[in-house]
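J.: Structure of the sequence below:
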Amino acid sequence: MKDKEAAEIPWQVQAAIYSAGMFSFSMVLISSLVLTVLADSLTDSEFLIGLIIGSRYFLTLALSIHGGALMDRLGTRRVMVGFAIVATFSPFLFPAALMLPFGTAVTVIILLQMIAGVSDAMVWIGAQALSSHIMQGRRRYVGRLTAIVRLGAFFGPPLFGFIWDFTDIWTTFIAMGLWSGAGLIAVLKIPKTSQEKDVADKTRIRFTEVIPRFSDYLAAFRLIAIPAVGLILMVTMVRIGGTGIQNSFYIVFLNEGGISATAVGVLIGFAQLLASAGSLASATLARIIHPHWLVVVAVFLTVITIAITPLLVIDASTVLIMLLLAMAIGARGLCLGVSQPMEISVLSRSVGSTEQGVAAGLRTTVNRFASAGIPPVMGAIAELVGIRNSFYVLGVVLMIVILCAALFVSRHPKLGKQEEE
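T.: Numbering: from 1, shown residues only. Next up, the predicted model:
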């Protein structure tokens, strides 16, 4: 059914889902900025910095499929509420961890990163799943969702960069807790769907219901056999690989080059503003270019625009350097905005209605695999060849993978047929 022929979703419902997605999604960028500058102030080891940053995604990597399956089994909103509560209170524990001896403090921070990361991710997975349960994966609503979450990411990093530069650690992390708390309020405003009412009538939450099941993972990985799903997972890994660079050593490289956390936050926020515009334009572009080719080209450009960062930090005025950096990351943001709703929409249309949570969890697993792996790998590469050269090494690797994705599309004729809106 075409978007224009389907029933309109009440704006209150849209607002609640969009807000839940916005606060959870933007926390990824906020925490990346804050924890990166914090880690950079704690140690000179690039590998340890990368480990601290990447640890936020360790639990999410292991539990995204399980979380998505829980949403399908117990109800999306119900699971979102539980994780949103944890996401709200976990930031308050970070400053306390810094009072411990160095080794213990780093260990506790890594554990807190893991808990906070999986909590934020599950709320975001839930928002994506609800865009399928309630909005049927329609590009108009998915485009709005990704546009609004990018707007939150536009305001978040500059705000928290400013808070970091001009207040203290306690204030910064308390503000992070309040930000996640706003997301909890949004989740509570989401009405129960028919899916949740059905499972609520049939299912009591038991211990056996919340522990991971091998069958859930098997069902999720079987989806990879669907060509469109395989394509989306491949391009997602590359896109998030570039984001892993941006959320770790991009910040370290600029911060060590004398650019403040506030300025870095402004650059990241500017990229998210253009990403919001890209998300809104994605449905129109998908009518001109097939979504599968559109997402491949857009992701290819996101890699190039982050890999060339060291070339832009030249011997010139700070204003010129900031202008060059803004142009590059702005172009990257625009392409990110185009690619993300295409990934969500193509994936949701490729699986059944009872597999939406698992599919979103599978995509997030691949997402978090790249997010968790890139920072420590890039840190290890940086210790061998330097931070500057590590951008080029990883950039080449990611571009090779996306070229393989393009070859995949060209060899599967069914992926070349235009889908209906």
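
J.: how about the helix or strand harbouring F270: buried residues?
T.: Remark: F270 resides in helix 261-288, with elements defined by DSSP states H and E. Within helix 261-288, the residues scored as buried using 16 or more other C-beta atoms under 10 Å are 261-283, 286. Where you see a C-beta, it was placed from the backbone N, CA and C, and this is true even at glycine.

J.: Just want the angle from the next helix or strand after it to helix 261-288.
T.: Sequence-wise, the next helix or strand downstream of helix 261-288 (DSSP H and E) is helix 291-307. Helix 291-307 runs at 160 degrees relative to helix 261-288, counting by axes from the mean of the first three to the mean of the last three C-alpha atoms, to 10 degrees.

J.: what helices or strands is helix 291-307 leaning on?
T.: Packing partners of helix 291-307 (3 or more C-beta pairs under 8 Å, 6 or more residues apart in numbering; DSSP states H and E): helix 227-246, helix 261-288, helix 318-350, helix 387-410.

J.: ok, back up a step: and the helix holding F270, what does it pack onto?
T.: helix 11-42, helix 139-166, helix 249-256, helix 291-307, helix 318-350.

J.: could you redo the last one with a cut-off of 10 Å?
T.: helix 11-42, helix 139-166, helix 227-246, helix 249-256, helix 291-307, helix 318-350 (3 or more C-beta pairs under 10 Å, 6 or more residues apart in numbering; DSSP states H and E).

J.: Looking at those helices, which is nearest to L188?
T.: Counting by C-beta to C-beta, L188 lies closest to helix 11-42 out of the helices and strands packed on helix 261-288; the figure is 8.5 Å.

J.: Could you check the pLDDT of L178?
T.: Note on L178: pLDDT of 97.

J.: does F58 sit in a helix or strand, and which one?
T.: Going by DSSP H and E, F58 is part of helix 58-74.

J.: how far is that helix from where the chain is centred?
T.: 15 Å (C-alpha atoms, centre = their mean, to the nearest Å).

J.: Show me what the mean pLDDT comes to for that helix.
T.: Mean predicted confidence for helix 58-74 is 76.

J.: L218: neighbouring residues, count only.
T.: Using other C-beta atoms under 10 Å, L218 has 10 neighbouring residues.

J.: what sits against it?
T.: I65 (C-beta atoms under 10 Å, 6 or more residues apart in numbering).

J.: Would you mind pointing out the helix or strand it falls in?
T.: Element membership for L218, per DSSP H and E: helix 214-222.

J.: what's whatever helix or strand comes next after the helix holding F58 packed up against?
T.: Next along the chain after helix 58-74, taking DSSP H and E as the criterion, comes helix 76-89. Applying 3+ C-beta pairs under 10 Å, 6+ apart, one finds that helix 76-89 makes contact with helix 11-42, helix 58-74, helix 102-133, helix 169-189, helix 194-202, helix 356-385.

J.: thought T43 was touching I53?
T.: No: when contacts are counted by C-beta atoms under 10 Å, T43 is not listed as touching I53 (11.8 Å).

J.: The two: which is more packed in?
T.: I53 (31 against 14).

J.: pLDDT weak spots in the protein?
T.: 1-7, 64, 132-133, 135-139, 193-214, 216-217, 352-358, 360-361, 413-421 (pLDDT under 70).

J.: circling back to that earlier point, the helices and strands packed on helix 291-307: which one's closest to V79?
T.: Nearest to V79, of all these, is helix 318-350, at 18.0 Å by C-beta to C-beta.

J.: which helices and strands does that closest one pack with?
T.: By 3+ C-beta pairs under 10 Å, 6+ apart, helix 318-350 packs against helix 102-133, helix 139-166, helix 227-246, helix 249-256, helix 261-288, helix 291-307, helix 309-312, helix 356-385.

J.: Specify the local secondary structure of P191.
T.: For P191, the assignment made with DSSP: H, G, I helix; E, B strand; the rest coil gives coil.

J.: Please name the residues that touch the nearest residue to A20 once chain neighbours are set aside.
T.: Leaving out its chain neighbours, the residue that sits closest to A20 by C-beta to C-beta, 6 or more residues apart in numbering is A186, at 4.2 Å. For A186, the residues meeting the contact criterion (C-beta under 10 Å, 6+ apart) are 15-24, 80, 84, 123, 127.

J.: Distance to L98 for those - can I get that in a markdown table?
T.: Converted to a markdown table, the contacts of A186 look like this (distance: C-beta to C-beta, whole Å):
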| residue | distance to L98 |
| --- | --- |
| A15 | 37 |
| A16 | 35 |
| I17 | 35 |
| Y18 | 34 |
| S19 | 31 |
| A20 | 30 |
| G21 | 31 |
| M22 | 29 |
| F23 | 25 |
| S24 | 25 |
| M80 | 30 |
| A84 | 25 |
| V123 | 26 |
| A127 | 32 |
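
J.: May I see the PyMOL selection of the buried members of the residues you listed?
T.: Those of those that count as buried under 16+ other C-beta under 10 Å are selected in PyMOL with:
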select buried, resi 16+17+18+19+20+21+22+23+24+80+84+123+127
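
J.: with the contacts of A186 in mind, which one is nearest to M176?
T.: Looking across these and measuring by C-beta to C-beta, the closest to M176 is F23, at 10.6 Å.

J.: My guess is that closest one contacts W124. True?
T.: Yes: using C-beta under 10 Å, F23 makes contact with W124 at a distance of 9.3 Å.

J.: anything in contact with each of the two?
T.: Common contact partners of F23 and W124 (C-beta under 10 Å, 6+ apart): 149, 183.

J.: number of nearby residues for P10?
T.: Residues lying near P10 (other C-beta under 10 Å) number 11.

J.: list the contacts for it?
T.: P10 touches 16, 134, 191, counting by C-beta under 10 Å, 6+ apart.

J.: would you turn the residues you listed into CSV with distance to V142?
T.: What follows is the contacts of P10, written out as CSV (distance: C-beta to C-beta, whole Å):
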residue, distance to V142
A16, 16
I134, 11
P191, 19
